[in-house]
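Chemist: Fold the following, please.
(one chain, ligands or ions: 3)
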Amino acid sequence: MENAINFNEINIDSKPPEDEPARQYYFMAKCRQYVKAESERLGRPLTAAVITFGCQMNARDSEKLSGILESIGYLPAEDENADFVIYNTCTVRDNANQRVYGRLGHINSLKKKNHHMKVALCGCMMQELSVIEKIKKSYRFVDLVFGTHNIYKFAELLAEMFDSGDICGTHSGGQNASHRIIIDIWENTDKIVEDLPVERKYPFKSGINIMFGCDNFCSYCIVPYVRGRERSRSPEDILREISALARDGVAEVMLLGQNVNSYGKTLENPITFAQLLREVEQIEGIERIRFMTSHPKDLSDELIAVMKESKKICRHLHLPLQSGSTRILTAMNRRYTKEQYLALAEKIRREIPDISITTDIIVGFPGEEPADVDETIDVIKKVQYDNAFTFIYSKRTGTPAAAMAETMAGTPEENLEREMMVKEGFDRLLKVVQDTARQRVARLEGQILDALVEEVNEQDSRLLTGRLSNNTIVHFPGDKSLIGRIVPVYLKECHGFYYLGEKR
Ligand code: SAH
Ligand code: SF4
Ligand code: F3S
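Modeler: Numbers count the residues shown, from 1 in each chain. Ligands and ions are numbered 1, 2, ... in the order given. Prediction:
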């Protein structure tokens, strides 16, 4: 546990402090009392499950929530059979929202059986007004709702929830009409609260937020609206956190931000992302450095040079393309052309030949034609991605592209025809992605490369799963005592996107 604290030193009979994070530690101390009392009443420990629906940043937020839950006395649970379930939601595409609604239906039936169960919803989806309205109307059994900007106040919100009814309710499990849902959503914030507890999923690797929010406003994307304006953490705080992680046995860090290349611009003393990387590299004990996500428009020569020289920065760059058609890129507000992207990819390959480049692609942006998909396919063939995440465009209310989609909408028949055209383009593109990725990944066959051993293989417990510097996965026989270590592995057989190997 990062930032563990001695709760006996906190006087909960006094008024809560105004300063952060002291205020949250005060509320954690209060919550501990509730959890202890309830656990004594039930004669067993209480359990809590934090379920992550979104990206790496969403997952890191879940680790922060878990840190607070464990600090106040909950035991971690893997699934919804728990006393407290928290859904950390995502709204980047509509299917992310639908998954949450689907799971909420299931939770309702669990809650009917387990009257003292509590349910909280947080994350990006909660920043949408229409979602809050729907929860108030159709999901009244939920106990607590908060957003992305006030996640640091989780302990304070929990204290309010516990105060508003006994913790695991001798009430009717919140099913009655008088049940109050505590809802606290902020539109924005520039506040960054440091030094709260965090519970890492892996002891040997960790994500680290280096910045929050996004100012790019790609026309299809809802993230700037639900995560707020771009703000960077100070380099001192980041380096202090990474040093503490290193002392705690973390070998690999992943620096997280929606656009890490623009790191530092909002700081009082601006520094570049490349300068930050140089500093992180100095930290003893850290053996691997990753980062996500890079925006092509901000990827500097300085960054390429730092990556090239570094022994620690991994040989992997996630460089979202979105589209290979300059016409569509302009409509997407990506601020680069097909030619600029290709020139950048070529420069990176020239400077760092062993690098793996991966990408994100959207098919079906409003107005996209099969000829535009051909342009994207052309880029895929030229860049030779190791992997590409392909998405069908999803209309997000409030974004400029949603307005474009509405203007362009036709009759129901025309819309259906377009849907089929998009699906056809998507399948065509996916095939090229898979074919090129297979060829590209296969280039490593026969080499011996270092892998960080992450876990026992889920399908076959005789195998371990490791990750190469370039992010490729390799499975190989070995003992689980190797988990967390970096070991050389012979890449014997390529199976599409992963390898079967042998430890050397
Ligand atoms: N900040 C990151 C990505 C955040 S979202 C970046 O700029 O790369 C992850 C991916 O989801 C995006 O790269 C994009 O490909 C996809 N995405 C975002 N909004 C989408 C939408 N409305 N429909 C379909 N895919 C979308
Ligand atoms: Fe969304 Fe674009 Fe920001 Fe990425 S850079 S989060 S795609 S607005
Ligand atoms: Fe989803 Fe929010 Fe991440 S919308 S992709 S969880 S920033």
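
Chemist: Just checking the distance from stretch 468-481 to the centre of its chain.
Modeler: Centre-to-centre, stretch 468-481 and its host chain are 22 Å apart (C-alpha atoms, centre = their mean, to the nearest Å).

Chemist: Can you pull the residues of the chain lying near ligand 1?
Modeler: Within the chain, the positions lying close to ligand 1 (C-beta under 6 Å from any ligand atom) are 92-93, 220-221, 223, 258-259, 293, 295, 320, 322, 360, 362, 391, 393-394, 396. Backbone N, C-alpha and C define where each C-beta goes, glycine included.

Chemist: So which of these sit within strands?
Modeler: Under the assignment DSSP state E, the residues of the chain next to ligand 1 contribute 360, 362, 391 to strands.

Chemist: Selection in PyMOL covering whichever of those are buried, please.
Modeler: Of these, the buried ones can be selected in PyMOL as follows, counting by 16 or more other C-beta atoms under 10 Å:
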select buried, resi 362+391
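
Chemist: Could you export the ones in strands among the residues of the chain next to ligand 1 to TSV, including columns for distance to residue 486 and pLDDT?
Modeler: Conversion of those to TSV gives the following (distance: C-beta to C-beta, whole Å; pLDDT from 0 to 100):
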residue	distance to residue 486	pLDDT
360	28	98
362	35	98
391	33	98
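
Chemist: Dump the ones in strands among the residues of the chain next to ligand 1 into TSV; add distance to residue 193 as well.
Modeler: As requested, these are exported to TSV (distance: C-beta to C-beta, whole Å):
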residue	distance to residue 193
360	30
362	34
391	33
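
Chemist: count of residues packed around residue 76?
Modeler: 14 (other C-beta atoms under 10 Å).

Chemist: Offset the numbering so it begins at 146, please.
Modeler: In the new count, where the first residue is 146, that last one comes out as residue 221.

Chemist: Relative to residue 501, how far out is the nearest residue to residue 406 once chain neighbours are set aside?
Modeler: Nearest in space to residue 406, with sequence neighbours left out and distances taken as C-beta to C-beta, 6 or more residues apart in numbering, is residue 443 at 3.6 Å. Relative to residue 501, residue 443 is positioned 20 Å away (C-beta to C-beta, to the nearest Å).

Chemist: Touching, the residue nearest to residue 406 and residue 407? I think so.
Modeler: Yes. Residue 443 is within contact range of residue 407, at 5.0 Å (criterion: C-beta atoms under 8 Å).

Chemist: if you go through the stretch 146-295 of the chain in chain order, where are the strands?
Modeler: With DSSP state E, counting those that start in this stretch as the criterion, the stretch 146-295 of the chain has strands at 192-197, 220-221, 229-234, 263-268, 289-291.

Chemist: how does the chain divide into domains?
Modeler: 152-329, 349-459, 593-648 (automatic domain parsing).

Chemist: Out of the ones you listed, which is closest to residue 480?
Modeler: For residue 480, the closest of the domains of the chain is domain 349-459, at 4.6 Å, according to C-beta to C-beta.

Chemist: So the closest one, near ligand 2 or not?
Modeler: Yes. Contact between domain 349-459 and ligand 2, assessed by C-beta under 6 Å from any ligand atom, occurs at 359, 361-363, 366, 368-369, 403-404, 440.

Chemist: Give me the more crowded residue out of residue 443 and residue 501.
Modeler: Taking other C-beta under 10 Å, residue 443 and residue 501 do not tie; residue 501 has more neighbours (24 against 18).

Chemist: Sketch out the low-pLDDT regions of the stretch 296-445 of the chain for me.
Modeler: For the stretch 296-445 of the chain, the stretches with pLDDT under 70 are 310-323.
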